[in-house]
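Chemist: pasting the sequence and the predicted model now:
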Amino acid sequence: MFTKILIANRGEIACRVAATARRLGIRTVAVYSQADAHARHVQACDEAVCIGPASPRESYLRADRILEVAQATGAQAVHPGYGFLSENEGFAQACLEAGIAFIGPPPSAIAAMGSKSAAKALMEQAGVPLVPGYHGDEQAADFLLAQAERIGFPVLIKASAGGGGKGMRIVRQADEFAAALVSCQREAQASFGDQHVLVERYVTQPRHIEIQVFADTHGNVIHLGERDCSVQRRHQKVLEEAPAPGMTPELRAQMGAAAVAAAKSVGYVGAGTVEFICEQDGKFYFMEMNTRLQVEHPVTEAVTGLDLVEWQLRVASGEPLPLTQAQVTITGHAIEARICAEQPEAGFLPAIGTLRTMRTPEASAFCVAPVRIDSGVAAGDAISPHYDSMIAKLIVHGADRQQALARMQAALAELQVTGLHHNVGFLRKLVGTESFSQARLDTALIEREHEALFGHVDEQALTQTALIAASLRWWQDQLAPRADEPWSRADGWALHGAQRHVLRWQTSGDTHRVAITQERDGRLSVQVSHATADTLGQLQPDPALPHRVRTSSGFSAHVDRHGDTFDAFTTPGHLSLRWLDPLQQQDDQAAHAGQVTAPMPGKVVALLVNPGDEVKAGQPLVVTEAMKMEHTLTAPRDGRVAELLCRVGDQVPEGAELLRIESE
């Protein structure tokens with residue numbers, strides 16, 4: 001076994017690898033960019049070396065620099081995690097030539113599976129079922145359109161070197177093909193440096209099921225069961241679970257055998273995932289093979305009781321697989337939710353910012369545990385535009401799917417994140433939808449449940465309960481500092497009579513007035529609009545939650561305060577409010593209806609209009625790229641393009657005005 005390894009990654013996966021290494025007595029070396037100098041993965045390792053600026057191209061993608069650090073620190077092996085250089089055959093080869101073990105498959109296997117087109121040709125030879133499509137080298141637009149028409153719409157255009165949902169477009173009719181192809185090729189080039197694409201029949205109501213495989217250097221190849229990853233947005237996974245609901249032992253054996261055959265066909269070693277598209281009747285087709293550990297590997301660990309990172313380390317050091325296929329068992333059910341900085345209501349646009357609060361449910365040790373949290377950030381850390389938007393992974397395990405689902409719902413209710421946009425509220429609704437709770441799974445689940453996820457929300461109940469809770473917290477803050485000095489208290493205390501304050505709060509641009517009154521007997525009355533809530537006016541005595549307020553009717557909420565910003569976590573949901581201090585002048589922000597601004601820092605990759613063009617509300621205007629994903633900005637209203645304020649190739653900050661539309 002190795003005595004020292006270098007972890008060529010960041011965030012939660014680097015922390016995850018470091019935890020297993022520490023348990024095995026293996027020393028670890030972290031590499032970090034200048035933006036990650038104080039990151040958790042740096043603190044989790046025994047040594048840490050800065051490898052460059054924030055940009056991944058100048059740091060985490062610098063194979064030469066990483067190898068220099070590995071040699072200088074005496075690391076015997078490199079664990080690439082996932083993303084960055086994990087599926088880079090050149091990096092794997094360079095490690096071997098430097099005499100450093102690459103904790104992953106041989107370069108030849110990475111190369112064989114790195115091109116989706118080439119991989120499908122290999123799988124066809126190995127007898128693995130394929131989706132009908134075109135996987136060749138001819139890339140002329142007219143030729144690809146002809147292939148799409150031969151296959152039959154809808155079709156899926158997919159980056160051949162892709163992954164993570166990038167460089168993928170569904171095309172439902174011929175007149176949409178050209179624009180989708182250009183966009184797909186552009187995103188593929190930006191993400192993978194290769195604009196080669198393939199075209200396949202788009203399977204309607206597909207399930208995305210993947211098989212975890214493991215192989216050693218002694219010729220042993222086994223699988224560790226399947227994961228269902230059907231719940232996706234923008235072709236990226238949101239919820240994953242193991243085992244796949246409805247999976248029969250016969251179908252698991254068939255898919256497992258196909259996955260093992262795929263791994264054997266390329267001389268695979270280490271952890272890998274063979275991904276399949278499955279129809280509702282059980283037919284399955286090879287989609288791709290990820291030659292690395294997957295983000296969702298914890299659900300497999302939960303149901304098998306195995307540490308897959310430990311297996312990776314043992315296999316890479318030359319040991320045989322710890323178990324045979326017959327010894328692998330699956331116990332219970334596990335579900336993973338990806339907690340991301342994003343705006344679900346805005347097309348899942350990635351978000352950036354600093355985590356003011358990150359309070360997680362009580363977690364247990366990893367593997368078989370009721371609740372597990374994998375994260376690379378904590379309160380005070382920033383989610384930047386340089387890296388992916390994941391905040392954490394929340395994993396639960398239960399005796400069966402029903403218990404796992406109940407634990408996921410409870411854990412999400414306890415998870416409290418503030419300071420930036422995130423998807424926790426969306427996930428709470430998602431796991432509660434009829435489709436997910438009854439395991440009616442396919443990749444269109446989110447679209448099918450759109451009304452439940454994005455439709456009517458009882459905003460009045462949420463706003464009212466949050467206003468009550470925030471006002472009570474404000475009152476307690478006024479009382480707490482001078483509770484034993486009544487003459488100097490700042491709450492308007494007087495010797496006789498009731499004390500009344502009127503507070504002004506701002507929520508998403510709306511202003512609310514709340515009257516809070518303390519009677520002579522100490523009772524508090526909080527009035528929001530025309531509704532009155534009586535309260536005991538005391539904090540709930542809970543050391544773990546020191547700022548929980550409770551009303552006499554049983555309502556409770558946890559309230560965090562950061563200056564004039566109050567975050568109320570209530571039963572209806574989370575709401576951020578700003579107290580409008582009457583002693584400070586409030587600036588009115590005028591709406592600029594005709595402005596089109598960058599929603600986050602990024603690069604302008606396409607301008608779809610010219611000055612003077614007439615446009616309609618919702619018409620695509622500008623395409624930007626941020627976090628390796630393209631975002632199309634549309635016209636906010638009908639009008640004429642008055643001015644273009646950017647050029648293709650410009651790097652623009654968040655809020656930058658890109659163009660202006662004037663009314664007819």
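Modeler: Received the coordinates, thanks. Numbering: from 1, shown residues only.

Chemist: what's the pLDDT at Arg23?
Modeler: Model confidence at Arg23, expressed as pLDDT, equals 97.

Chemist: show me the helices in the stretch 251-400 of the chain, by range?
Modeler: With DSSP state H, counting those that start in this stretch as the criterion, the stretch 251-400 of the chain has helices at 297-304, 308-316.

Chemist: the last one vs helix 297-304, what angle?
Modeler: Just to be clear, that refers to helix 308-316. Angle between the axes of helix 308-316 and helix 297-304 is 90 degrees (criterion: axes from the mean of the first three to the mean of the last three C-alpha atoms, to 10 degrees).

Chemist: packing partners of helix 308-316?
Modeler: helix 11-23, strand 77-79, strand 207-215, strand 270-278, helix 297-304 (3 or more C-beta pairs under 8 Å, 6 or more residues apart in numbering; DSSP states H and E). C-beta coordinates here come from the backbone N, C-alpha and C atoms, glycine included.

Chemist: and the ones you listed: which comes nearest Ser117?
Modeler: strand 270-278 (15.4 Å; C-beta to C-beta).

Chemist: show residues contacting stretch 213-223.
Modeler: Stretch 213-223 is contacted from outside by 211-212, 224, 256, 259-260, 262-264, 268-274, 308, 311, 315, 318-321, 323-325, 328, using C-beta atoms under 8 Å, 6 or more residues apart in numbering.

Chemist: hang on, the earlier thing: now tabulate the helices and strands packed on helix 308-316 in TSV and tack on mean neighbour count.
Modeler: As requested, those are exported to TSV (neighbours: other C-beta atoms under 10 Å):
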stretch	mean neighbour count
helix 11-23	22
strand 77-79	27
strand 207-215	25
strand 270-278	25
helix 297-304	26
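
Chemist: indicate which one of those is closest to Ala656.
Modeler: So among these, helix 11-23 is nearest, using C-beta to C-beta, at 27.4 Å.

Chemist: dump the residue contacts of Gln506.
Modeler: By C-beta under 8 Å, 6+ apart, Gln506 lies in contact with His512, Leu577, Arg578, Leu580.

Chemist: follow-up on the earlier one: make a markdown table out of the helices of the stretch 251-400 of the chain and add distance to Gly127.
Modeler: Below are the helices of the stretch 251-400 of the chain laid out as a markdown table (distance: least, C-beta to C-beta, whole Å):
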| stretch | distance to Gly127 |
| --- | --- |
| helix 297-304 | 25 |
| helix 308-316 | 26 |
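
Chemist: want to throw these into JSON lines with distance to Lys4 and mean pLDDT?
Modeler: As requested, the helices of the stretch 251-400 of the chain are exported to JSON lines (distance: least, C-beta to C-beta, whole Å; pLDDT from 0 to 100):
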{"stretch": "helix 297-304", "distance to Lys4": "23", "mean pLDDT": "97"}
{"stretch": "helix 308-316", "distance to Lys4": "12", "mean pLDDT": "98"}
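
Chemist: between those, which gets nearest to Glu250?
Modeler: helix 297-304 (19.0 Å).

Chemist: angle of that closest one against strand 270-278?
Modeler: 90 degrees.

Chemist: helices or strands up against helix 297-304?
Modeler: strand 221-233, strand 236-242, helix 308-316, strand 333-340, strand 371-375, strand 390-398.

Chemist: any idea of the angle it forms with strand 333-340?
Modeler: Using the same axes, to 10 degrees: helix 297-304 against strand 333-340 is 160 degrees.

Chemist: tell me the mean pLDDT over the longest helix along the chain?
Modeler: As assigned by DSSP state H, the longest helix anywhere in the chain is helix 459-479. Helix 459-479 shows a mean pLDDT of 82.

Chemist: good, we can wrap up now.
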